[in-house]
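Q: the amino acid sequence is not available; the structure is as follows:
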């Protein structure tokens, strides 16, 4: 690549940075004030480009010329801002006091609803908008043709950054916003209406995301995949720049966009006889940057250490051994699961669904092990699930290893990866820890996705079946036995001294350290244990389906695990089991009932979040404890007896 080509790529990076910054600035602003990790922010970006497409075609057609075109783009951004305000008032205002992870679950459900709403309104086909009037051509730069529209995009980023700086530093509203990022409770004590302040901030953040989508109209088609792609990139930029820092978001957008542009420009390079494809790094380069930044500077380039969140869940009651009634219920459930194959003549699909539920239960329980008792939130647990699945499949297909040995090796492979990644992850906390787990997961996904010779690349691997003597019903019973033993083992670990030390580090790291507990070492060990059992779940999955693809370790799989844990309840050991069963049964039932299953499923999740913010199992446990307390209160106390 010559000098002119290098400079053109740098200009392309500047144009891309402006687009990324618009989305990330809105997300950073919303998080800085409301402390909500808004997973639906990518949906606002997607709505911006779809609305811009429709408005430019209709309004632009009526007004004509550049006026109609630019009016359509600005109107699209304003409409997205209005939609954001409506979402905040109707939904998010009701869950500000809920734990942050449940807010994440609610916004994830909103993603599903918005995605199907867009599908219903605009259809499944991609929609490419018209070019901007007067900016459709190109100009000559250094002997090369460069799109004129990209020059406009280069100017938009700094212009929006300057306007944001003026708004936040030179207006009373901006002063209130900055005060809210420091101490929201004190701001409320001074008589400021926090509710409308939050609504205004959320509307502005949504409008910026909508504008980021609208200005992309001439460059890329509107599609249903834009929401998840945009939110992934926005999260990376916000975390690299520092949560809540608008200038940090711009610096991070510049850094990542320029590195990606440079990778595209370099293409394939031969160094000392070794072929290196930099263009393939564009799939994962932002996550490599994020991992490097978080390891060296845990709070981002321009961020500050997070304050202690006040949106915490109630204090958890101590773990209690199972009552005789609980043990009897467990035996009944296991007996019913064991009897399902006997009913295959009447319920032919029940065994298949039950096997999927069992694998999902083990995956969710392994994730809950570090999230609930460990207090470590992971957005990348699918990495260990996928490594277990791919490890077993590669050993079986490429190395002709017997299936039982390949199955036994799956958790060891995943555990080895968790051993390496966990050493870095346990040194962080909160959102930064979660995003570092996501970075490592995406790095692993990129390797699997592009290593065609070993993993099959994007096509995955097929033909990974168990031997005939272990197929069908026998494999179902093997899955049932391994999942039951694994759940029992994880439960016993939590009642052991190690489990007590793990929960002590979660509740108060300083006090745990004062009594001699090496908190980081305990958390590291828990991370490895969770990875081992997540890998076992992946090994069970690949032999139940006979195939594996990169989707099994993509971001969506990690999100599914989070939803299962939160849906059941993070503060109870039964939560991940109930959540995994409910998630898979609901998803299977709804998918077969309607083409718009995402919206219906998201609506059900929203209702459950609003009705049971502590999760399904958590709500049942709360009701049971309340009834027990009322029964104790009705029994008269003996003389000298103290009430608990």
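A: Noted; the coordinates are in hand. Keep in mind the model is a prediction, meaning the values are calculated, not measured.

Q: residue boundaries of the strands in the stretch 151-300 of the chain?
A: In the stretch 151-300 of the chain, the segments counted as strands under DSSP state E, counting those that start in this stretch are 268-271, 274-277.

Q: just give the closest residue to residue 570, not the sequence neighbours.
A: With Cβ to Cβ, 6 or more residues apart in numbering as the measure, residue 372 is the residue that lies nearest to residue 570, at 4.9 Å, once sequence neighbours are left out. For the C-beta atoms, the positions are set from N, CA and C on the backbone; glycine is no exception.

Q: next, give phi and psi for the one you found.
A: phi -80, psi -80 (degrees, to the nearest 10).

Q: count residues in the vicinity of it, would you?
A: 23 (other Cβ atoms under 10 Å).

Q: residue contacts, it?
A: For residue 372, the contacting residues are 565, 570-571, 573, 575-576, by Cβ atoms under 8 Å, 6 or more residues apart in numbering.

Q: quick check: residue 220 vs residue 226, distance?
A: Taking Cβ to Cβ, to the nearest Å as the measure, residue 220 falls 8 Å from residue 226.

Q: state the distance from residue 159 to residue 66.
A: 18 Å.

Q: to clarify, my last question referred to residue 231.
A: Distance from residue 231 to residue 66, by Cβ to Cβ: 32 Å.

Q: neighbour count winner among these two?
A: residue 231 (26 against 13).

Q: for the spatially closest residue to that one that is not a sequence neighbour, identify the helix or strand it belongs to.
A: Nearest residue to residue 231 in three dimensions, chain neighbours excluded: residue 42, at 3.1 Å (Cβ to Cβ, 6+ apart). When elements are assigned from DSSP states H and E, residue 42 belongs to helix 41-63.

Q: joint contacts of residue 220 and residue 226?
A: residue 49.

Q: and those two? Which one has more around it.
A: Remark: of residue 220 and residue 226, residue 226 carries more neighbours, 24 against 14, as counted by other Cβ under 10 Å.

Q: okay, now the spatially closest residue to the more buried one that is not a sequence neighbour: neighbour count?
A: Once flanking residues are discounted, residue 226 sits nearest to residue 46: 4.3 Å by Cβ to Cβ, 6+ apart. Close neighbours of residue 46, defined as other Cβ under 10 Å, add up to 28.

Q: tell me the contacts of residue 46?
A: Contacts here follow Cβ under 8 Å, 6+ apart; on that basis residue 46 touches 114-115, 118, 213, 222, 224, 226-227, 230.

Q: now tabulate those residues in JSON lines and tack on pLDDT.
A: Shown next, in JSON lines, are these (pLDDT from 0 to 100):
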{"residue": "114", "pLDDT": "93"}
{"residue": "115", "pLDDT": "92"}
{"residue": "118", "pLDDT": "93"}
{"residue": "213", "pLDDT": "92"}
{"residue": "222", "pLDDT": "89"}
{"residue": "224", "pLDDT": "90"}
{"residue": "226", "pLDDT": "89"}
{"residue": "227", "pLDDT": "87"}
{"residue": "230", "pLDDT": "87"}
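
Q: for those, pick the one with the most neighbours.
A: Of all the contacts of residue 46, residue 213 has the most neighbours under the rule other Cβ under 10 Å, reaching 33 neighbours.

Q: and residue 536, how many neighbours does it have?
A: Residue neighbour count, defined by other Cβ under 10 Å, stands at 28 for residue 536.

Q: swap in the one 3 residues further on?
A: Residue 539 is surrounded by 31 other residues when neighbours are defined as other Cβ under 10 Å.

Q: give the closest residue to it in space, chain neighbours not counted.
A: The nearest residue in space to residue 539 (Cβ to Cβ, 6+ apart) is residue 410, at 3.1 Å.

Q: so the one you found is in which element?
A: helix 403-425.

Q: show me what contacts residue 132?
A: Contacts here follow Cβ under 8 Å, 6+ apart; on that basis residue 132 touches 66, 69-70, 149, 152, 218.

Q: those, buried ones only, as a ChimeraX selection?
A: Isolation of the buried members of the contacts of residue 132 (16 or more other Cβ atoms under 10 Å) is achieved in ChimeraX through the command below:
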select :69,70,149,152,218
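
Q: from the contacts of residue 132, pick the one nearest residue 14.
A: Taking Cβ to Cβ as the measure, residue 14 lies nearest residue 152 of these, at 11.4 Å.

Q: tell me the secondary structure for the closest residue in space to the closest one that isn't next to it in sequence?
A: Counting by Cβ to Cβ, 6+ apart, residue 135 is the residue found nearest to residue 152 once chain neighbours are left out, at 6.1 Å. Secondary structure, DSSP: H, G, I helix; E, B strand; the rest coil: residue 135 is coil.
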